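K.L.:
Sequence and predicted structure below; questions after.
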Amino acid sequence: MGKLREKHEDVIEGLLARYPTKKSAILALMHLAQEEYGHMTQEAMEEVADIVDVHPTHVLSLAGFYSLYYEEPVGKYVLEICNDLACALRGADEFVEMACEKLGIPVDGTTEDGLFTIKTVMCLAACDKAPMLQCNLKYAENLDEEAFDELISNLRAEAEAAGEKPSVVKEVLDYARQ
Amino acid sequence: MAHILLRHRDIEDLHKFDVYLEHGGYQAFQKCLEAYKPQEVIDIVKKANIRGRGGAGFPAGIKWGFIPKDAEDVYVVINADESETGTFKDRELLEGNPHQVIEGALIAAYAVGARAIYCYFRGEFMDIAAPFEEAIKDLYANGWAGENIQGSGFTCHVYPTYGAGAYICGEETALLASLAGDLGQPWSKPPFPAQSGLYGEPTVVNNVETLANVPPVIVNGPEWYLEMGTDDSPGPKVVCLSGHVNRPGNYEVEMGTTYRELIDDYGGGMRDGRAFKALLPSGGSGPVITADALDAPVSFEGLKPYDSLMGSASVIVMDETTDMVWAALKMIHFFHHESCGKCTPCREGTFWLERVLEDVYEGHGTEKDIQILEDVASNMQGKCLCALGEFATSPVLSTISHFLDEYKAKVHGEAEGATMEADQETPEAAAVA
Amino acid sequence: MSDLVTLTIDDIDVTVEAGTLVVDAAKRVNVDIPVFCYHPKMEPVGMCRMCLVEIGTPVRDRATGEIVREEDGSPRLNFRGLQTGCTVPVSEGMVVRTTTDVVDEARDDIIEFLLTSHPLDCPICDKGGECPLQNLTMRHGAGVSRMEFTNKLKLDKHVPLGEIIYLDRERCIQCARCTRFQAELVDDPVIAFHNRGRRLEIVTNSEPGFDSIWSGNTTDICPVGALTTADFRFGARPWELTPVASVCPHCPVGCNTTLSTRDEARSGGRTVIKRIMPRQNEWVNEIWICDKGRFVHHYADAGERLTRPLIRVDGELVEASWEEALDVVAGRLQQHKGAAAGLAGDRLSNEDLFLFQKLFREGLESNNVDLADARIGGGEVVAQVGLSSESNLQEMGRGDAILVAASDLHQEAPVWWFRIKQATERGAKLIVLNARPTRLDPYATDVFYAAPSELTAVAHQLLNAAKVDVADGEDDPLQAAAAALASAENLVAFYGGEGLTFAETEVLARTLGNLLLLKNEEGANHVGRPNNGLVAVWPHNNTQGAWDMGMRPNLAPGYRPLDEPGLDAAAIYDGAAGGDLRALYVLGADPIGDGLMARRGGLEFLVVQELFLTETAREADVVLPAQSWAERDGTYTSGERRVQRFFPAIPAVGQSRPDWQILAQVGERIGMGRPPFATAILFREIAEAVPQYGEMDYRKLARVVEQWPRVGGEDLYYGGTSYDNQSGVGLQWPSAAETAEDAPEMYDLPPITQQTEAEEDEGGQQAGLKAIETRPLYRAGTLIAQTEMLSRRVVEPSLLLHPDDAARLEISSGDVVTVRADSAQLRLAAAVGEETAPGLALLRGVPLRSGRTTIEITDVEKRERVTERVQV
Ligand SMILES: Cc1cc2nc3c(=O)[nH]c(=O)nc-3n(C[C@H](O)[C@H](O)[C@H](O)COP(=O)(O)O)c2cc1C
Ligand code: SF4
Ligand code: FES
């Protein structure tokens, strides 16, 4: 039995129960798998394939199509900064540069301590609160250098402190549990 | 004026079930269950001419009318994929006023005889989905969803579902494919969702805001609704205002409000007192308009004279400092990044446009490249499988037609009108995956 | 016949069935609408946009519904811009324009878009010369590229999707034909698109890569050179190849193939087979073949082939001349006239087998001829109630039913598996009766599992259930299944021999025969009409022909019963061992290697006619080198009783000769007259001796008919590059039920007996661990061993256990087990999988004369665990 089944049996059942076909639950299960396995590892893909009864090739296919699935290892915190037009008009590109400098990594790079990865993404529906980003899908908005420093230090502290890191994905998918 | 859609701005905690109920929540749905036959509900929505807020403006009532009356399994899908650049209205509605959206969906479900409603959130919305999930819990707990709702004999389930990062999944057929667990690629219509949608069954796909318009119409009647807005575009509209304005944000206005009013009265004027240069009325997918169009009304027909469209009313305002070639590049980068790749002209065209535009932007371009840009874009038109490919051509073609001089300046090496340094990170570089 | 629709395409009036797509309608009147993603055998997707045309439909008055007309009376048309002809079905009064400037420009544009990411490496591309993109570029491509070369994406050009198929990412035009073929047609979704937009690429996530027995077909339907096979890529240019029509020699389906040959220096100037591709025959294999048929041909020019006759001189086999060898054979056979026998393999052609039995019956006045390994009986039943002529599984669908018993079709006859699956998707009911799960089960209306010893009994119960009134007992699955079969418009029954003894296969054939002969209320039964009747899933490609030619001791050619039957194979093996049989002629078989015969026993004289020096040949006094199917011509008769010709493609290896010629030359030496100088003449003799073949001759068998969809030819882009059929589709011979005035009688059946005592107390230590022989498509053997590329997929002789049994016996995949089966000791690799039932072990590719037995595992050697990835 794989990690997912072990840790989330009832959430999985709940997600499957939402649809007439198992296959429909695959995107949610891949989100969950990514939380557990860190990224879309072969193991992760095979467990999801097994749960929803598709060939692992299909999971690989989806992992490549949807931008929220990571096929390569990423940092503990993935900072996805929107630098799409509306945000860029409010300084998003400069914000990206600033962030990369602070963490000493290029876009798509990961800090040596494995804590942070920076990605630039398309519109996140927060154009009026630019510059902004999502950290592991959690919104952080109306940012400036100061706010960014604070965010980073909070995350560092969180990482220090033992225990499960909070997860937007798990919180939301937890509603599926009956 | 009190909000009709953004009511949570007037009423605290409206996202909570009891608060919503207190303020007249679910009376519209109840009224339908008790007083109206499904067809009557459709007729009311037709009469009110609620037009699709997802961008296409297709009348919701007519769409509901397409669902075969004898169909066994019918689905209603709430399109909450909101991914168009500059669009953030659905997000606020889902977070602040989820019950009104769900009530609208339940009414739609009753009207077309649907047994289940799916709300397809873009994956990035997981962070704002909690109120919606809570809302569903409360609905089941209070007998407003599931089996035999309020003893009416009408059964309908409500489920949230999540995407995983793909703008194309906002296109209704791609959304349905994605919801079925497949690649989020559109299929060529026909068949339309109303004939064969989710799992091959008749399906209604409506935008979040569209559905939020339904309950008030049922309560106050179509006449009340037709009072607002223009002849062809009745009702309120949530406009997403972003870019170089002082107060960006969502504003609920009556259809017919002009773009100038939006910027000056609602947006608090141009940022830093700079001069207005241009705006994108529908995020990336509508042609850019300039000062001469500012007095046009916000409505589905208002921008026709200016060869543009309101779309989802995501208004991105740009001031005099904006480099329009840079803006076009940003947009085409978006479409290249989001093209699903299923059909040839979009897959290849978006890539080609971005490559050439990059050359032009970085100053390596020639007059011939501008010609190629126009050619490639117009070659894409009318040949793509879905509208994304069409959308992708408008930023290029419209900026060339309005700002040819800036393109010429670029290819002739004069940094005219452009204040952004050419060496700044280009979207392409920023997104090497 | 559904209703018809009339439309005009480029001013030509076309009338086609409603629902026909515009591209197909156009093709019917030879208007070529270019396509890339569309394939006539698959659902349209409208992706590539190459087929854009102008389509107008008559405008109707909203009120009256009348067609609005122009002044000149012509209907007013409504044109909605460009539409994809591959997704739009025809409608009455539709007007299609494919030659306007708008359409022409659209095509130019799409081609230009496609070429922006195409490497244009036609000069070194395998598809060059037969490439749809290349052809269409000639017609629509701009002379020069406006896409600076530096801007082109550089992508990997040699991506192995496995050991068999390679992907060139630069050439791929993302038409999804390959992924849709794998997912929709053969249900092996082991390749798919990865990424999106311009970065779309084909990937696989199976082990081994691209794990499907159908993979080769994707290289045919790929409209560019993106997918190529490891053994052909960069091997030759299409225009250097000579296509020779052939028939696949591997299984009873009899797929039509084309051998592409070329003389090449690297093969010492010899003509060699460069590739095998499907040859269209919509009645047999359509435009598909399995990978075994495509890739297992390298044995034809293998170094190990016998090149000269061999004669045993003081213990040693030494090379000899044909004259010597033939004289010895003829002399010794005559010498032992009374005590000679012949055993043949069922891979040989009708011509060979006919002459073989004739040599014995007429030349040596003996009926001692049999198949060396006749594992399935019922040939006479098939001759009477067999699938009727003019049948085509492709026509079966709603209202029809198919029954499959005691066979793993996916492995034994892949293309039948495919066509039956397709029939179920068209609505046909499928009933499966087996000892274990097979890949046919997912498509079945009902699957019945029974212990091997019970299979015939269950078939009998099914028959009895079918006799009772259809209405009642629907709730009982067996009753429901029986009802479905009895009430079907058309019914085809397939039976094999998996897990059955020879005697049981005969009973099974008769049982199903009766099922087909059952009359319904209207007095109609399921024989003597197209798409009705019995089909035997024979072990080899020409077992049917062997029966037809009289290769059984009790049946003369044409199923004429003999008063004094000769010895059957079993008796012959015993006779050889015991010594009361003196001379044995083994034709294209290896009884010693297959464990059917223990060395040469008491034989005075053993002659073996073969391709390779088999274990039996090593024991022989004379070894005669025969030619492979690729070197000579002849006919095979498929399991659907379709007689089909194959043609010589490559020159003889060494001094080898066609089997029929060798036999005729032996015959000549024992006074049977001059040998016929050609197979065509020989076939005339067959037509006289075998009434069922009476109407046939080589010319009729080469009859060419128009087939749909049209493939090959000019418009390569349509069906892919499989060859159109210019050498004949063959003829199905009529069953007795078709020709005889009165339909055959019901057959006598043994009473349904409970498991016999004997069955009960077979047992041994692990009582209950029964074992049956299964015959995987890629079972290890002399022929497949020559195709290196398949080595990772070959199923070595092995014992497959159900997970429950494996757990109980503490055996895991990869362990080596010693097994006692039928008094033989076998050392086999163990495998564990769901494809068997608890208590039932599969002897995969292990010859088992009895068909099934009870085994005892005497020893287990633990090995490093090799996890077998079971396919989803
Ligand atoms: C590329 C593309 C993206 C789209 N994205 C969205 C979206 O994010 N949200 C939405 O409601 N509609 C979107 N649409 C429109 C939908 O296809 C569909 O028309 C709409 O959801 C119908 O709902 P409505 O009639 O209520 O507007 C998109 C269309 C296209 C072609
Ligand atoms: S237009 Fe673009 S997004 Fe739409 S189907 Fe074609 S490739 Fe996909
Ligand atoms: S779109 Fe019709 S053939 Fe590809």
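P.N.:
Cool, the structure landed. Residues are numbered from 1 along each chain as shown, chains lettered A, B, ... in the order given. Ligands and ions are numbered 1, 2, ... in the order given.

K.L.:
who's in contact with residue 160?
P.N.:
In the absence of a named chain, chain A is used. With contact set as Cβ atoms under 8 Å, 6 or more residues apart in numbering or on different chains, A:Glu160 has no partners. (C-beta placed from N, C-alpha, C; glycine too.)

K.L.:
To clarify, I was referring to chain B.
P.N.:
Applying Cβ under 8 Å, 6+ apart, we find B:Pro160 in contact with A:Tyr175, B:Tyr118, B:Cys119, B:Phe121, B:Ala129, B:Phe132, B:Glu133, B:Ile136.

K.L.:
Could you rerun that using 7 Å?
P.N.:
Counting by Cβ atoms under 7 Å, 6 or more residues apart in numbering or on different chains, B:Pro160 touches B:Cys119, B:Phe121, B:Ala129, B:Phe132, B:Glu133, B:Ile136.

K.L.:
again with C:Leu227
P.N.:
Residues in contact with C:Leu227, defined by Cβ under 7 Å, 6+ apart, are C:Ile165, C:Leu167, C:Cys178, C:Thr218, C:Thr219.

K.L.:
Please see if the helix or strand hosting A:Met30 touches chain B.
P.N.:
Assigned by DSSP states H and E, A:Met30 belongs to helix A:26-37. Yes - contact of helix A:26-37 with chain B (Cβ under 7 Å from any Cβ of the partner chain) involves A:Ile26, A:Leu27, A:Ala28, A:Met30, A:His31.

K.L.:
From the contacts of B:Pro160, list the buried ones, please.
P.N.:
Buried subset of those (neighbour count, 16 or more other Cβ atoms under 10 Å in any protein chain shown): B:Cys119, B:Phe121, B:Ala129, B:Phe132, B:Glu133, B:Ile136.

K.L.:
if I've got this straight, C:Ser246 is in a strand?
P.N.:
Yes - assessed by DSSP: H, G, I helix; E, B strand; the rest coil, C:Ser246 belongs to a strand.

K.L.:
Settle this for me: it is touching C:Thr261, isn't it.
P.N.:
No - checked against Cβ atoms under 7 Å, the pair C:Ser246 and C:Thr261 is beyond contact range at 10.4 Å.

K.L.:
tell me, what's touching those two both at once?
P.N.:
Here C:Ser246 and C:Thr261 have C:Ala649 as joint contacts, going by Cβ under 7 Å, 6+ apart.

K.L.:
higher neighbour count, the two?
P.N.:
C:Ser246 (27 against 23; other Cβ atoms under 10 Å in any protein chain shown).

K.L.:
which residues does that one contact?
P.N.:
C:Thr257, C:Thr258, C:Leu259, C:Phe646, C:Phe647, C:Ala649.

K.L.:
Now for the last one, how many residues are close by?
P.N.:
Okay, so that is C:Ala649. 26.

K.L.:
Nearest the middle, which residue of chain A would you pick?
P.N.:
Central residue of chain A (Cα atoms, centre = their mean): A:Asn136, 4.2 Å from the mean position.

K.L.:
what do you get for chain C?
P.N.:
Chain C, centroid-nearest residue using Cα atoms, centre = their mean: C:Val253 at 4.0 Å.

K.L.:
Helix, strand or coil: sort out it for me.
P.N.:
Reduced to three states by three-state DSSP, C:Val253 is coil.

K.L.:
Could you verify that C:Ile276 is part of a strand?
P.N.:
Yes - when three-state DSSP is applied, C:Ile276 is found to be in a strand.

K.L.:
near chain B, which residues of chain C show up?
P.N.:
With the criterion set to Cβ under 7 Å from any Cβ, chain C comes near chain B through C:46-49, C:52, C:81-82, C:84, C:87, C:106, C:109-110, C:113-114, C:116-117, C:146-147, C:151, C:174, C:193, C:196-198, C:200.

K.L.:
what subset of those residues is also close to ligand 3?
P.N.:
Among the residues of chain C next to chain B, proximity to ligand 3 is found for C:Gly46, C:Met47, C:Cys48, C:Arg49, C:Thr84 (Cβ under 6 Å from any ligand atom).

K.L.:
what helix or strand is the closest residue to the last one other than its chain neighbours on?
P.N.:
The spatially closest residue to C:Thr84, leaving aside those adjacent along the chain, is C:Gly46, at 4.3 Å (Cβ to Cβ, 6 or more residues apart in numbering or on different chains). With secondary structure defined by DSSP H and E, C:Gly46 is part of neither a helix nor a strand.

K.L.:
same deal with A:Arg156?
P.N.:
Element membership for A:Arg156 (DSSP H and E) is helix A:145-160.

K.L.:
Off-centre distance for that helix?
P.N.:
Remark: helix A:145-160 is offset 18 Å from the chain centroid, using Cα atoms, centre = their mean, to the nearest Å.

K.L.:
Averaged pLDDT, it. What do you get?
P.N.:
In this model, helix A:145-160 has a mean pLDDT of 96.

K.L.:
The helix or strand just after that helix and chain B in contact?
P.N.:
Moving toward the C-terminus from helix A:145-160, the next helix or strand (DSSP H and E) is helix A:168-173. Yes - residues of helix A:168-173 are located near chain B by Cβ under 7 Å from any Cβ, namely A:Val168, A:Val169, A:Val172.

K.L.:
I'd say the last one and B:Ile128 touch.
P.N.:
No - taking contact to mean Cβ under 7 Å, the distance of 9.6 Å between A:Val172 and B:Ile128 leaves them out of contact.

K.L.:
who are the neighbours in contact with C:Lys421?
P.N.:
Listed by Cβ under 7 Å, 6+ apart, the contact set of C:Lys421 reads C:Asp187, C:Tyr443.

K.L.:
Tell me the buried residues in the helix holding A:Arg156?
P.N.:
A:Phe148, A:Leu151, A:Ile152, A:Leu155.

K.L.:
ok, which pair from those is furthest apart?
P.N.:
Farthest-apart pair in the buried residues of helix A:145-160 is A:Phe148 and A:Leu155; separation 10.7 Å (Cβ to Cβ).

K.L.:
After the lowest-mean-pLDDT helix or strand in chain C, heading C-terminal, what element do we hit next?
P.N.:
Every helix and strand in chain C was compared by mean pLDDT, DSSP states H and E; the lowest is helix C:757-761, with a mean of 45. Next along the chain after helix C:757-761, taking DSSP H and E as the criterion, comes strand C:770-774.

K.L.:
Direction included, what does that next one pair against?
P.N.:
According to DSSP bridges, strand C:770-774 forms sheet pairs with strand C:840-844 (parallel), strand C:852-854 (antiparallel).

K.L.:
Let's see which of the contacts of C:Ser246 end up in strands.
P.N.:
C:Thr257, C:Thr258, C:Leu259, C:Phe646 (DSSP state E).

K.L.:
just those residues now: which is nearest chain A?
P.N.:
C:Thr257 (28.8 Å; Cβ to the nearest Cβ).

K.L.:
Only the buried residues of stretch C:200-213, if you could.
P.N.:
C:Leu200, C:Glu201, C:Ile202, C:Val203, C:Thr204, C:Asn205, C:Ser206, C:Gly209, C:Phe210, C:Asp211, C:Ser212, C:Ile213.

K.L.:
likewise stretch A:63-81?
P.N.:
Neighbour count says stretch A:63-81 has A:63-69, A:74-81 buried, by 16+ other Cβ under 10 Å.

K.L.:
before we move on, the earlier item: quick one, what contacts the residue nearest to the centre of chain A?
P.N.:
Each residue near A:Asn136 by Cβ under 7 Å, 6+ apart is listed here: A:Tyr77, A:Val78, A:Ser167, A:Val168.

K.L.:
again, only this time at 8 Å
P.N.:
Contacts of A:Asn136 (Cβ under 8 Å, 6+ apart): A:Tyr77, A:Val78, A:Lys165, A:Ser167, A:Val168, A:Val169.

K.L.:
Also B:Val214?
P.N.:
B:Ala28, B:Val45, B:Ile50, B:Ala60, B:Glu103, B:Gly104, B:Ile107, B:Ala108.

K.L.:
circling back to that earlier point, the buried residues of stretch A:63-81: which ones sit near chain B?
P.N.:
Counting by Cβ under 8 Å from any Cβ of the partner chain, A:Phe65, A:Tyr66, A:Ser67, A:Leu68, A:Tyr69 from the buried residues of stretch A:63-81 sit close to chain B.
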